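Engineer: Have a look at this prediction, sequence included:
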Number of protein chains: 2
Amino acid sequence: MKLYDADASGNCYKVRLFAALANIELETVAVDIPGGAHKRPPLSELNPLGQLPVLEDGAQVVRDSQAILVYLAGAYGGLAWWPAHPQGQADIVQWLSFAANEIQHSLCAARLVRKFGYALDQAAALAKSPGVLALLDKHLERHDWLALGRPTIADCAVYPYVVLAPEGDVELKPYNHVARWIERLEGLPGYLPKP
Amino acid sequence: MKLYDADASGNCYKVRLFAALANIELETVAVDIPGGAHKRPPLSELNPLGQLPVLEDGAQVVRDSQAILVYLAGAYGGLAWWPAHPQGQADIVQWLSFAANEIQHSLCAARLVRKFGYALDQAAALAKSPGVLALLDKHLERHDWLALGRPTIADCAVYPYVVLAPEGDVELKPYNHVARWIERLEGLPGYLPKP
């Protein structure tokens, strides 16, 4: 099973982190992002969006980090990470959307500008970030994990760009409950350190 | 089962559309968005993000249109709309992320500015929109439906802001395969017309 991967990408790290925690073996294939290899064939044929990560498992190709988490957890990770009942799946999908939308356009975008020089609106990304972190902090004040009272793929989808936020000049210090959740996640067996 | 709803919201329409297609009965509760009722208690307690739609099914509360689709399909809609196998779920989740990220920040954002006066970057939203539609068009050139070769919640998540795109000054005419997919979807039994 191949993961087309870039070490510094938080979206790729979501997948590597989950695979490490769930003890799933992945062959990572490093993609030359500065050289634009993800925007050209053969990778652009696997993922027309021209984004990483992409997972190839035999004939099955999955793009989008959230979808890859669902695939890996469903196929190899076990029900603890992604349950079979609709209540639990919906609870997790709420956080997958939060990762794809709110986090992507705040913490992640701020880092893309600051660290990699992407032409995105840094001021807008920085303006959104405290609200996103405050919301997360308030949730984590009453919950040890994002969903289902245990570690799930929701945590794997949200943690990477939160812990990498300081690389985008976003301060994590005001958010005590986020800090303790980060400690809990980093204490899980198999935890793979952030890039 | 209550859906906290706003008629003009594409995200709420995703849920109403799916419920109509899958013959699921919902009680809709109209929320005063211009008056900010979604940002205040009691609704802000159900959804701290201050967004609609929100679904309340007994003690179960689900926020986020994509998560509500997963919940309704899993609990009431049947496996045709949201299968139990990880390949099918991942195939659909790819499009749920596409709806939450790419479509939200292009077609949806352009409409929010044009129709409702939201303070978002209209130029950026309009600049992204043709790429999003071209990608969709290319996929629909080879597929009748977004995932699994049949209508699923992926179509219900993506269709609303595509068909409403002209309200944001985004032109749909160049995208023939998108137009035929729209016709197919609007021909499904139970189809609920767009707001």
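Structural biologist: Now that the structure is in, tell me what you want to look at.
Engineer: you'd agree A:Val29 is in a strand?
Structural biologist: Yes: counting by DSSP: H, G, I helix; E, B strand; the rest coil, A:Val29 is part of a strand.
Engineer: my guess is it contacts A:Lys2, does it?
Structural biologist: Yes: under the criterion of CB atoms under 8 Å, A:Val29 is in contact with A:Lys2, at a separation of 5.5 Å. Yep, even glycine has a C-beta here, placed from its N, CA and C like the rest.
Engineer: how near is the residue of chain A most remote from its centre to chain B?
Structural biologist: The outermost residue of chain A relative to its centre, with distances by CA atoms, centre = their mean, is A:Pro41 at 24.7 Å. The spacing between A:Pro41 and chain B, counted by CB to the nearest CB, to the nearest Å, is 14 Å.
Engineer: Need the pLDDT of that residue.
Structural biologist: At A:Pro41, the predicted lDDT confidence score is 94.
Engineer: for it, helix, strand, or coil?
Structural biologist: Classification of A:Pro41 using three-state DSSP returns coil.
Engineer: again with A:Trp82
Structural biologist: With three-state DSSP as the criterion, A:Trp82 was assigned coil.
Engineer: which residues does it contact?
Structural biologist: Applying CB atoms under 8 Å, 6 or more residues apart in numbering or on different chains, we find A:Trp82 in contact with A:69-70, A:73-74, A:89, A:92, A:152-153.
Engineer: which non-adjacent residue is nearest it?
Structural biologist: Ranked by CB to CB, 6 or more residues apart in numbering or on different chains and with sequence neighbours excluded, the top spatial neighbour of A:Trp82 is A:Ala73, at 3.6 Å.
Engineer: Repeat that for A:Phe116.
Structural biologist: Once its chain neighbours are removed from consideration, A:Phe116 has its nearest residue in A:Ala8; the separation is 7.7 Å (CB to CB, 6+ apart).
Engineer: just to confirm, which helix or strand has that neighbour in it?
Structural biologist: Using DSSP states H and E, no element contains A:Ala8; it sits outside every helix and strand.
Engineer: so it makes contact with A:Leu164?
Structural biologist: No: at 9.1 Å, A:Ala8 does not count as touching A:Leu164 under the criterion of CB under 8 Å.
Engineer: neighbour-wise, which of the two wins?
Structural biologist: In terms of neighbours (other CB atoms under 10 Å in any protein chain shown), A:Leu164 is the more surrounded of A:Ala8 and A:Leu164; the figures are 22 against 13.
Engineer: Can you name the residues that contact the more buried one?
Structural biologist: A:10, A:13, A:107, A:111, A:194-195.
Engineer: For the residue farthest from the centre of chain A, what are phi and psi?
Structural biologist: Dihedral angles phi and psi of A:Pro41 (degrees, to the nearest 10) take the values phi -60, psi 150.
Engineer: Against B:Gly35, how distant is it?
Structural biologist: Counting by CB to CB, to the nearest Å, the gap from A:Pro41 to B:Gly35 is 52 Å.
Engineer: now for the helix ranked longest in chain A, which elements pack on it?
Structural biologist: Of all the elements of type helix in chain A, the one with the most residues (DSSP state H) is helix A:122-142. In terms of contacts (3 or more CB pairs under 8 Å, 6 or more residues apart in numbering or on different chains; DSSP states H and E), helix A:122-142 is packed against helix A:109-116, helix A:153-163, helix A:176-186.
Engineer: re the thing from before, pull up the overlap in contacts between A:Ala8 and A:Leu164.
Structural biologist: For the pair A:Ala8 and A:Leu164, residues contacting each of them under the criterion CB under 8 Å, 6+ apart are A:Pro195.
Engineer: Where in chain A is the helix or strand with the lowest mean pLDDT?
Structural biologist: Counting by mean pLDDT, DSSP states H and E, chain A has its least confident helix or strand at helix A:43-46, which shows a mean of 94.
Engineer: Kindly report the domain assignment for chain A.
Structural biologist: Dividing chain A into domains by the TED database, as the record does, gives the ranges A:2-77, A:86-187.
Engineer: and chain A, which residues reach chain B?
Structural biologist: Taking CB under 8 Å from any CB of the partner chain as the criterion, chain A approaches chain B at residues A:48-49, A:60, A:62-64, A:66-68, A:70-71, A:73-75, A:84-87, A:89-91, A:93-94, A:96-98, A:100-102, A:104-105, A:121, A:124, A:135, A:138-139.
Engineer: Report the buried members of these.
Structural biologist: Among those, those classed as buried by neighbour count (16 or more other CB atoms under 10 Å in any protein chain shown) are A:49, A:62-64, A:66-68, A:70-71, A:73-75, A:86-87, A:89-91, A:93-94, A:96-98, A:100-102, A:104-105, A:124, A:139.
Engineer: Among these, which ones are in helices?
Structural biologist: Helix and strand membership here follows DSSP H; of those, those in helices are A:66-68, A:70-71, A:86-87, A:89-91, A:93-94, A:96-98, A:124, A:139.
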